[in-house]
Each structure stands twice: as structure tokens, then as C-alpha cells.
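Engineer: give me a model of this one.
(4 chains)
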There are 2 protein chains.
Amino acid sequence: MRSNQITIKDIARILSISPSTVSRALKDHPDINVDTKKAVNDLAGKLKYQPNAVALSLKNSRSYTIGIIIPEIVHYFFSSVISGIEDVASQKGYTVIICQSNESYIREVANCKALLSHRIDGLVVSVSKETQNFDHLIDLQESGIPLVFFDRVAPEVDADQVVIDDLEASYKATRHLIETGRKRIAHFAGPQNLVIGRDRLQGYMNALTEAGIPIDNRLIVEADTFEKARNMVVTMLDAGIIPDGIFAVNDMTAIGAMQTIQKRGYKIPDDISIVGFSDGYLSGITDPHLSSVDQHGYEMGTTAAEMLFNRILSDETEYIPEVKVLYADLIIRGSSLKE
Amino acid sequence: MRSNQITIKDIARILSISPSTVSRALKDHPDINVDTKKAVNDLAGKLKYQPNAVALSLKNSRSYTIGIIIPEIVHYFFSSVISGIEDVASQKGYTVIICQSNESYIREVANCKALLSHRIDGLVVSVSKETQNFDHLIDLQESGIPLVFFDRVAPEVDADQVVIDDLEASYKATRHLIETGRKRIAHFAGPQNLVIGRDRLQGYMNALTEAGIPIDNRLIVEADTFEKARNMVVTMLDAGIIPDGIFAVNDMTAIGAMQTIQKRGYKIPDDISIVGFSDGYLSGITDPHLSSVDQHGYEMGTTAAEMLFNRILSDETEYIPEVKVLYADLIIRGSSLKE
DNA sequence: AACGTCACCGCAAACGATTGCAGTAAATGA
DNA sequence: TCATTTACTGCAATCGTTTGCGGTGACGTT
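Structural biologist: I've put the predicted structure just below:
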């Protein structure tokens, strides 16, 4: 296959004029005769001329393209963030290149190289669970590409961030469980090398401490997927550790726990209350419906994109990183209703 | 912000040699002295040189980029297809530009223009619900860009397609309802301007006809979203139309129906059986679990990408469109269990 | 001494679009 | 009649990379 797209040169050749004139005619330059302009524009329309963005990128040293690196697109939260970014970008005339790290550090680094090669004008990123070293992102930033983190941030990198108030949200979720009479509240935590993992754990602990409930390490387990939650519930129950409330680091974990708990004959919320951390619309389709923190993925996407374009479109040389904290609502549903 | 990325010229200037030599040194050309090669490669490594993909695209008239146009990324099915495409593409050294049409014809056309401008080497597309005119895709194809449709295809366009056997899958789903003793089976259908909408309806009708069950038009309604399904169930029940089985065009529709049915006091599957058409993992988290046709989104993505690369990487001028039909499994779960 | 043979490297053009500057013809003014 | 302005249009360089071809100097050979 060989593409045969119309260029300015083709138009110039057909009309026996120079490419410069065609270029100027197309952008309505005052130097050009109206008849010439008309001829050029008519032909361009007939031939369905589309300017070659690649050539423009090279000329302007701007690709009018931004990159996104996310762990996995197949999550409501991430795809809704992308949706938000995409909407803002396309409205500004930018296109979006999306890369998945698949939670792998190596792929994240490879993604960065590819995006660097494509001379993206900016990058929105949420780091993989594996990532501990951030040199690849620092390099990118040092070569002049603005960076915005969302959700999974890297505090080691001086860049803009948009996050939700995980500490506060986790605190509220846990406090809600306490207020509905729960005493043995478990936390299904995320990886502790991620800020969100640490913050959500900390919020949980703050709520307990404030309420004078001692922290029981047997109730704090690392489980952040549907499968891990199912296994963990089995392990806990078999070991005789029976919580009366669970705060899970995300909804799939909460749902995994919920299913296994129900299979073992416990009632939700009567025996065990559950609160998740939202991946989106999932909470509305469980039985009972899942109480959850709403992360507002789409807004996070639009916010991140706007922060990025602020950097891209400004001439500021000094770089004072900005952190935007989005408010997260706790939505109380059937899985943690007051008795 | 101005990017300051290293180019071959920078390396050439520093080493006081010509760009040509640097270029050849970097690709280990035999004409170049080993010492020169070493010097170039060392410096390139130190400076973290990344070849400018934009310049290469211009030179080679190949962008090593493919486009995807999908209605909405925020659906498990679509995002898993993307995931499949992305994996194949990145393995072949291609990057992926993703555009959302948001089910709007106008945006779909705009997406095409943007992708054309970026000189993508190929396009994978699933058309919007609104799209009735396919000139934008035909234009794209005529300018030499290979095209592969998935799921929502445009039969008017002579291009590769990858679909699941909707007719067969719908037939199986409906037949399953019949075999479990259902007599008044409703179909919540998709838009009839889409092939998948028509095929799924046809499969449903085929199964009924084969079983000698007359087709009742009051049981065939257009409802293809969570919300529409909820409203439609209310409308039907209020009108005294009580099906004993429902085959829905997708899972969210099935789940919407399920919820409302349960709220109205009917038991699932005892009073009303439900079978959906899969958007993915949703089926596992309803109560009861939802019987559903598994569409294998990821495989559809990898298949579409491979078909596309066959076109991109071949020199064939003759274009014989190929249609790949993926097998879809009916997964029977609690929502339609035999009594 | 003159020529041929290497090994190695640079020139220049090309991809498509833009743009400062120069050039040309016609029209106007003196 | 000649100079100057006006109204256009084209040349050439640029962005970064590749690549055919030509060039240069150091050898060896006769």
C-alpha cells in the first residue's frame, strides 16, 4: 500500500504556480490575487487537500500532539480520565497518543521513549504499580516537555499533579463505617509504593485513631484486585478473622470481597459493611449497591489536560509545580446502610 | 515552554563531523570508522538522543502510526478492543492515535480529517450510531489508507471487517431462553441502522420462528442503554406486557432491565430470564450473575490490528476485502438458569 | 612518477509547508 | 520619458533525517 495524498506541490503543479503561492492563497494572505486564491481554494476543495501535519510538526517544532501513559485502559476510571483529556485536547486542535504500561515499569520506560521520539508537546501520566524509579519521566521533563500527573503521582518529580484528596476521602469512608457502628474495620489496601496506596491507608488509620479504635494489623491486608480480594476474604475468614466492615482501595476489590463474603453466608450490610473506592458505574449494579468514593474521572481528565495546556501554551520559563486536589464525594449506598 | 531535544545535527556539531556521518554511524554503516562510530554512539547515549519520528515520517512518507475511531472509550468492550490493538501495534513499533466519535457523525468526520492530516498508515474503526453516510471513510480509503472495521461495520464500504457472528450468537441466546421454557421472549434491540442491531434482531427472530413461536412486535423494542432499558421495562410492565424472558442487545441494557424488574418485585430468573450481550466483566458482578454472549473484545482488537498490518506491510495493489467472523460463546449464568 | 585502490567522509537533494526577501511587470507620477 | 510605486509571485532556506554519489588522502603497485 502506498498513500497518495494531495500536497501543496500537487496543487501548485496543476495550476502552474509555485508552492509558496498556494500556501499563501490557502491562508488568505493579502499579497495574493483574488482569482489565484479562488482557483487554489477550489482545487484544494475538489482534491480534498488536507495539510500534512507531519511536515508542519517538523517545521514548527510542535507536534500538536500530547501523550497519555496509563497502566491499563480497561478500567472505567482510566478510560473516563482519557475521555476527559481527549475532549479538551481535540477542542484545542490537539491529538492524543495513548500508551498502556500494563503496570510494567519496562513498558512505561519504552512508552516514554516512543513518545519522546514522536516529539509530543506534553504528557499526562499515571504511573504503573511497579514504577519506583522516575528517571524516564525526569528526562522527558528536562528535554522541555511539560508533565502532569494524575491519580498515581510521583512526588520525586517536580511536576503538576491532579489528585483527589485520598486522605480525606479514605478518612470519610472509614468514619462512615465507624458511625454506623462498626468496630472491626478491615482495610484492603493498595501497593504501598504508590502514594494513593499509602494515603488511603493513612486516612483509614486516622479515622480509627480519632475514634479511639486500636489499629489491628491483621485487619490491614494488601489486596487491590478482584481476585486478590476473593482469596483474601477466604484466608481471613478461615483464620477466624471476621471484620464487621471493610474499606477497600477500589471498587473491584470491594466487589470481589462482597461476592465471597456473600457466598460464605454473611449478610451485607448486616454482618459486614463494605465501602469501595470508585472505578465508576460499577457500584450501581451490585446487590446491594456499593457505597463508594466517587473519584470523578472525567473531571480529573479535563483538569489535567487544562493544566497541561497552560504549560504548553505559556512562555513561562520558571516552573512552579502546581497540585490540584479534587474533592471526592462519599456516596452511601446499600452496602453500608445504617441499621 | 520550548523543547530542546537532541538532534543528529547537535551530535555532528559537537564532534565536528557531518550529520550524514552521524546518521551512518548510528546505524552501523560499514563505511564509517570504528572510532567515529564509538564516539558518536557514546555521545548519543550520553545526550540521550532519540531519533525524531516526525522527520522520519516526512522522509519515509510513513508515520508508523495507526488511528482508531471508536464511539466511546468508556465501555469495557471498546477499551478492551483498543487494548488488543495497542498491544499488537506497539509490538510492531507502531503508535496508536485514538479518537472518540462520542456517537456523533460530525465528530467522526472531524476525526477522519485529523487522522488524515496526521498521515496515519492505517485505521481501525467502529462507526457511531448516528453514521449513515460513509464518504469520509471511503475518501480515506481512496487516498490509500487501509481500513479495518470491527463490530459496527459499514457494508457500503469495501474494507476488511472483523465481527462476531451476531446472527448465530443471538440465535443461540434466544434458543437458550426457549429451551429453558420461555414463551414470551422480549428483545431489547439496538439501532436498526447498524448491522449489529439488525443482525441481533434477526437472530432472535430466527430462533423464535424455528421454534414455532409467533413474533410479537410488542415484545421487540429499541433500547440499548442502561437508562433506556429501565424506562422501557417500566413502560412495558405498566402496559401489561409481561415477558418471561429478555434478550438484550448489550449487558448494560440487560442490567438496567434486571434492576427495574427486580424493583418491581419480579424474580430473576424465576419470573423473567435475562440474557445479555457482553460488555465484559460486568456479568460477573450482578445478582444473579448475568448470562451473556462473550464478545472477546481483546481478541477482536488483536485480530483487527493484524488484518490492518497485513495491508500496511504488503505491497498488494488489488484489494479483496476480507471478513473475519469471530466465534462468540454464550455463557450461561444465574439470570437464565434452567428451573 | 604516475596510476589504481581502498577507507572514510561530506555534499546535496528529498520529504511538505512556511516565510523573509527579492524580483517582475504594470501602473502611476513627475 | 524616466523614475517610482503597487500588486503580485517566486526563490531559497528551514525543520531532522537519509542516502546516492562524489571527493580526498593514504597507501601500494608498476
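
Engineer: which residues of chain A lie near DNA strand C?
Structural biologist: With CB under 7 Å from any atom of the strand as the criterion, chain A meets DNA strand C at residues A:7-9, A:19-20, A:23-24, A:26-27, A:49, A:51-52, A:55-56, A:58-59. No exception for glycine: its C-beta is placed from N, CA and C like everyone else's.

Engineer: quick one: buried ones out of these?
Structural biologist: By neighbour count, with 16 or more other CB atoms under 10 Å in any protein chain shown, the residues of chain A next to DNA strand C hold A:7-8, A:23-24, A:26, A:49, A:51-52, A:55, A:58 as buried.

Engineer: how about those residues, which pair is most distant?
Structural biologist: Pairwise distances among those were taken by CB to CB; the largest, 19.7 Å, belongs to A:R24 and A:L58.

Engineer: give me the three-state assignment for the residue of the stretch 101-250 of chain A found nearest DNA strand C.
Structural biologist: Residue nearest to DNA strand C within the stretch 101-250 of chain A: A:R119 (13.2 Å; CB to the nearest atom of the strand). Classification of A:R119 using DSSP: H, G, I helix; E, B strand; the rest coil returns coil.

Engineer: may I have the phi/psi pair for it?
Structural biologist: The phi/psi pair for A:R119 (degrees, to the nearest 10) reads phi 50, psi 50.

Engineer: where does it land on pLDDT?
Structural biologist: Note on A:R119: pLDDT of 93.

Engineer: care to break chain A down by domain?
Structural biologist: Recorded structural domains for chain A (assignment: automatic domain parsing) are A:8-51, A:62-163+A:297-327, A:166-294+A:330-336.

Engineer: nearest to B:V127, out of the ones you listed?
Structural biologist: Set against B:V127 and scored by CB to CB, the domains of chain A come closest in domain A:62-163+A:297-327, at 17.9 Å.

Engineer: distance to DNA strand D, pLDDT and secondary structure added to the buried ones among the residues of chain A next to DNA strand C, as a markdown table?
Structural biologist: Putting these into a markdown table (distance: CB to the nearest atom of the strand, whole Å; pLDDT from 0 to 100; DSSP: H, G, I helix; E, B strand; the rest coil) gives the following:
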| residue | distance to DNA strand D | pLDDT | secondary structure |
| --- | --- | --- | --- |
| A:T7 | 13 | 93 | coil |
| A:I8 | 10 | 93 | helix |
| A:S23 | 8 | 93 | helix |
| A:R24 | 7 | 92 | helix |
| A:L26 | 12 | 92 | helix |
| A:Y49 | 17 | 93 | coil |
| A:P51 | 13 | 93 | coil |
| A:N52 | 11 | 93 | coil |
| A:A55 | 7 | 94 | helix |
| A:L58 | 4 | 92 | helix |
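
Engineer: contact partners for A:G297?
Structural biologist: A:76-81, A:83-84, A:280 (CB atoms under 8 Å, 6 or more residues apart in numbering or on different chains).

Engineer: out of those, who's the most crowded?
Structural biologist: Highest neighbour count within these: A:V81, with 32 neighbours (other CB atoms under 10 Å in any protein chain shown).

Engineer: can you pull the pLDDT of the closest residue to that residue other than its chain neighbours?
Structural biologist: Excluding the flanking residues, the one nearest A:V81 by CB to CB, 6 or more residues apart in numbering or on different chains is A:G301, at 4.0 Å. A:G301 carries a pLDDT score of 97 in this model.
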